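Engineer: Whatever this is, show me its structure:
(one chain, ligands or ions: 1)
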Amino acid sequence: MRVLILGIDALEYDLVKEWNLQHLLQKEHGKVQVPIYEAEGEPVTLVVWPCFITGAEPEVMGYSSPILYRQPLRFILDYLFYPIYSFIKENQEKSKSIDFKQTRIQKIISKLNYKAMKAGFSRYPLKHDIKVPTIFDSEQFRSIHLHIPVYDESHTLDKHCNPRNNVIAALSDKTVRKEFSASLQQEFDERAQEVFDILQQDDWDLFMQYFYVLDGIQHVFFKNKLKIMDYYMKFNTFVGEVLQKIPDDMLVLIISDHGQKHGLHTMYGFYSSNVPLTLDNPRISEFKKILEDKLSISRKKRENL
Ligand SMILES: [Zn+2]
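Structural biologist: Reported below is the predicted structural model:
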């Protein structure tokens, strides 16, 4: 069968349940186990999505950190700084919201990261850092993929082309916040339209679309539950429309890399499928194989025509 994947960053399972968003909660749904980046004690976008598309855990996929450091910086951070830092953090009172991220030590870390990157001592992961084949690399299936982190779009320091880089500024600056909100709304509209356009084509077996919007909205507007709910509703309505437009034999998988509460990532992702997959608390790296099995039914059918 053909497969449509909607990758929705930071879609929180508990909120989808709480608001009973029927289209997002397809036939089968649940939480997903994801790799945790130890230095930050949470799952990070730039690691989890490549794990999903390669079906591999970070060590096999190619890297485990959202920023790659050159030696000797890497050695200092991995073996000295991060272990001490996470020890201190663990012994502090557990942080309750993203406000914690604004503490002095966090500000120092992000400033140092920024400087190290500018000086060429570190960088965000690029496509060639993904060391194993992805689900899109198979010659057996015709695939389309849009905006997948690292694979299609690499992260940069540029504030203009990447709304992610404006999260911290948007938390404190009203003007930035307004522009941030508008750019995310625009992203949602454009990417939803891309999905509808591609659904009209029949020259693919696998199509994955990625949405960043919910991650940004929940980081910046974490105190405004109505605004967050509004965006969850938008996604629910969008998926409802998608489900009406797809052919009968298409698998629709909705997947997220982590959820979010109080502006902080939660420790699990989300999945829902319109076709029963009979999974129980799966790992995010399990889906590649499952989807490939479903896709090979589609290929065999085509060959028999
Ligand atoms: Zn994310």
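
Engineer: my guess is His155 contacts Pro149, does it?
Structural biologist: Yes - taking Cβ atoms under 8 Å as the definition, His155 is a contact partner of Pro149 at 7.1 Å. C-beta here means a position set from N, CA and C on the backbone, and glycine is covered the same way.

Engineer: More neighbours: the two, which one.
Structural biologist: Pro149 (25 against 18; other Cβ atoms under 10 Å).

Engineer: quick one: contacts for the closest residue to that one other than its chain neighbours?
Structural biologist: In this structure, Pro149 finds its nearest non-sequential neighbour in Trp49, 4.6 Å apart by Cβ to Cβ, 6 or more residues apart in numbering. Counting by Cβ atoms under 8 Å, 6 or more residues apart in numbering, Trp49 touches Gly7, Ile148, Pro149, Val150, Tyr151, Tyr210, Asp257.

Engineer: can you tell me which of the residues you listed are in strands?
Structural biologist: Secondary structure from DSSP state E places Gly7, Tyr210 of the contacts of Trp49 in strands.

Engineer: Just the element for the residue of the stretch 101-250 of the chain found nearest the ion, please.
Structural biologist: Here the stretch 101-250 of the chain gets closest to the ion at one residue, Asp215, 4.8 Å apart by Cβ to the ion. Per DSSP states H and E: Asp215 is located in helix 213-220.

Engineer: which strands and helices sit next to that helix?
Structural biologist: helix 167-172, helix 174-199, helix 225-245, strand 260-261 (3 or more Cβ pairs under 8 Å, 6 or more residues apart in numbering; DSSP states H and E).

Engineer: mind checking which of these is nearest Asp137?
Structural biologist: Evaluated with Cβ to Cβ, the helices and strands packed on helix 213-220 place helix 174-199 nearest to Asp137, the distance being 19.1 Å.

Engineer: elements contacting the closest one?
Structural biologist: So helix 174-199, by 3+ Cβ pairs under 8 Å, 6+ apart, packs with strand 2-8, strand 143-146, helix 167-172, strand 206-211, helix 213-220, helix 225-245.
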